[in-house]
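A.B. asks: fold the following and give me the result.
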Amino acid sequence: MKNLFFRLYILLIATFIGLGWSIEALYDSYSQTQALTTDIELHKGTLFLLSKELIRHTPETQAQYLEAVAPSFGYPVKLLTISELAQLPELQDNPISEQQRHYLVQGGIVAIFDDFEGTSWFLYRLTGSDKLLVLGPIMMNVKARSEVLFIVLFFAFLALITFIWAWPISKGLARLSKSAIALGKGDWSVRVDTRISATLRPLAERFNAMASRIQRLIKSHKELSHAVSHELRTPIARIRFAMEMVKDVDSEEARNKYINSMDDSIEALDSLVDELLTYARFDREDPQLNILSHDLERIITEVVNKFELTHPHLQFEVLWSDDSAVFLCDCDDDAIARMLDNLIRNAVRYANTKITICATRKETNVQLSVNDDGPGIPESSWSSIFDPFVRLDKSRDRNSGGIGLGLAIVKRYIELHEGNIRLERSELGGARFILSWPEKRMKQE
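C.D. replies: Model (predicted):
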């Protein structure tokens, strides 16, 4: 706070002093000579008239005459020698120079100004005498006497205004600095209160966004580390077990059984690694989608056909909202296929006999839902089902339960489409996952 205040205050003072001095110098160079001449001209007639009148009197009566006429003036009028003039306390700081004395001898009028006291003196030598006719002290503008006071008040108010301006900024910077230090020490939950100076509010909001992202990345890193250390063990252990067993079996049937088991474990391992890498990529950056107009029917058919081959015991049904030959919408076909694959893969784990995929148009959006006739999902878990690494039944093995990343990946993909996903209870009795996104999107830059 001190550094900010003093630096700003010194800058303002230097600016005001520099500008004030420059303007004053220009003004004085123009007006000083004119002002001095004007003041002398004002008193020139008075000095000449008094001088002529005093010459008519003898030196003894001149002082008496001045005492008689002095009340007629608004300022003192005196007759003094140069030595007496030099003894006056009022002129101790403004003595007469040799040049001014020479000018008096020649019959000129000398003016003496005391800017600090706000007074002026006018001197004129009487003809044929060594005495000076002195007018003064004459009070000048009253403002000149209080100039110092006004300057002090000005800079005091300037300091107050500077303090009022700098205090909220300094306080906000202190909060930012404190939060940055706490964040650097590992407190990922620290945030800056945005109720600070409007100048610093955008910086505070960006700091909070950065802190949230760092906290999310740290949490994701821990979750990924935990998943890698625990979830990869099961398929690896199965592969090792099958390899050991295949060495000891004699029959071709048993050997094929263990080889198929290893193949299934490798497929599960590959799927697991793929999910982990996909989710990690979402945390590093948002993937750039290739949004084009695609036939949604083609995408759905390709995905469903794959599951019909691998799950012949289940009935797959695709329903459409209209009888259009082509169901066109703007999307990234790879991302839609990935989302639909994850949702159907989740459905086949719990479906008893039937899975239904519905594609509809609703106002300006496309809705794609996946329904199953399984046991469904408790409503108490609906709010957390899309969080990463969430599994409703932690006791299930990895083949049935996965690691809880599929739905989290679906949510991230649909958000990149400016859409959303929600969960409802299906008419078939199980779960219904509904994807919704704009049918037409403006072209991306």
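A.B. asks: check Leu423 and give its pLDDT.
C.D. replies: You'll see Leu423 listed with a pLDDT of 93.
A.B. asks: show me what whichever strand or helix holds it is packed up against.
C.D. replies: Applying DSSP states H and E as the criterion places Leu423 in strand 420-425. Contact here means 3 or more Cβ pairs under 8 Å, 6 or more residues apart in numbering; DSSP states H and E; on that basis strand 420-425 packs against helix 406-416, strand 431-438. Every C-beta, even on glycine, is put in place using the N, C-alpha and C of the backbone.
A.B. asks: how about the last one as PDB, C-alpha atoms only?
C.D. replies: Right, strand 431-438. This file holds the C-alpha atoms of strand 431-438, laid out as PDB (Å, rounded to 0.1, in the frame of the first residue of the first chain):
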ATOM      1  CA  ALA A 431     -32.800 -46.100 -17.400                       C
ATOM      2  CA  ARG A 432     -33.200 -43.600 -20.200                       C
ATOM      3  CA  PHE A 433     -30.200 -41.400 -21.100                       C
ATOM      4  CA  ILE A 434     -31.200 -38.500 -23.300                       C
ATOM      5  CA  LEU A 435     -28.700 -36.500 -25.400                       C
ATOM      6  CA  SER A 436     -29.800 -33.100 -26.700                       C
ATOM      7  CA  TRP A 437     -27.900 -30.600 -28.900                       C
ATOM      8  CA  PRO A 438     -28.700 -27.900 -31.500                       C
END
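A.B. asks: name the helices or strands packed onto that strand?
C.D. replies: strand 328-331, helix 333-350, strand 365-372, helix 406-416, strand 420-425.
A.B. asks: partner strands of the strand holding Leu423, parallel or antiparallel?
C.D. replies: Sheet partners assigned to strand 420-425 using DSSP bridges are listed as strand 431-438 (antiparallel).
A.B. asks: show me where the stretch 151-300 of the chain has its helices.
C.D. replies: For the stretch 151-300 of the chain, the helices defined by DSSP state H, counting those that start in this stretch cover 201-231, 233-248, 252-284, 296-310.
A.B. asks: buried residues in the shortest one?
C.D. replies: Same thing as helix 296-310. By neighbour count on 16 or more other Cβ atoms under 10 Å, the buried set for helix 296-310 is 296-297, 299-300, 303-304, 307.
A.B. asks: nearest to Glu53, of the helices and strands packed on strand 420-425?
C.D. replies: Closest approach to Glu53 among the helices and strands packed on strand 420-425 is made by helix 406-416 (104.3 Å; Cβ to Cβ).
A.B. asks: before we move on, the earlier item: can you tell me which of the helices and strands packed on strand 431-438 is most buried?
C.D. replies: Most buried of the helices and strands packed on strand 431-438 by mean neighbour count (mean count of other Cβ atoms under 10 Å) is strand 365-372; its value is a mean of 22.
A.B. asks: export it as CSV, just CAs?
C.D. replies: What follows is the C-alpha trace of strand 365-372 in CSV, where atoms were taken according to Å, rounded to 0.1, in the frame of the first residue of the first chain:
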residue,chain,number,x,y,z
ASN,A,365,-32.7,-29.5,-31.0
VAL,A,366,-32.0,-33.1,-31.8
GLN,A,367,-32.7,-35.6,-29.1
LEU,A,368,-31.1,-39.0,-29.0
SER,A,369,-32.1,-41.4,-26.2
VAL,A,370,-31.0,-44.9,-25.1
ASN,A,371,-33.4,-47.0,-23.1
ASP,A,372,-33.0,-50.4,-21.4
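A.B. asks: and it, what does it pack against?
C.D. replies: Right, strand 365-372 is packed against helix 296-310, helix 333-350, strand 354-362, strand 431-438 by 3+ Cβ pairs under 8 Å, 6+ apart.
A.B. asks: and that strand, which strands flank it?
C.D. replies: Using DSSP bridges, the neighbouring strands of strand 365-372 in the sheet come out as strand 354-362 (antiparallel), strand 431-438 (antiparallel).
A.B. asks: ok now the shortest one, how far from the chain's centre?
C.D. replies: Computed by Cα atoms, centre = their mean, to the nearest Å, the chain-centroid distance of strand 431-438 equals 37 Å.
A.B. asks: give me the contacts around it.
C.D. replies: In this structure, residues lying in contact with strand 431-438 by Cβ atoms under 8 Å, 6 or more residues apart in numbering are 329-331, 339, 343, 346-347, 350, 362, 364-372, 374, 376-377, 407, 410, 414, 417-426.
A.B. asks: Gly374: what secondary structure?
C.D. replies: Per DSSP: H, G, I helix; E, B strand; the rest coil, the local secondary structure of Gly374 is coil.
A.B. asks: excluding chain neighbours, what is closest to it?
C.D. replies: Using Cβ to Cβ, 6 or more residues apart in numbering and skipping the chain neighbours, the partner closest in space to Gly374 is Tyr350 (3.3 Å).
A.B. asks: where's Leu328 relative to Arg361, distance?
C.D. replies: For Leu328, the distance to Arg361 equals 10 Å [Cβ to Cβ, to the nearest Å].
A.B. asks: swap that for Ser436, sorry
C.D. replies: When distance is defined by Cβ to Cβ, Ser436 is 11 Å away from Arg361.
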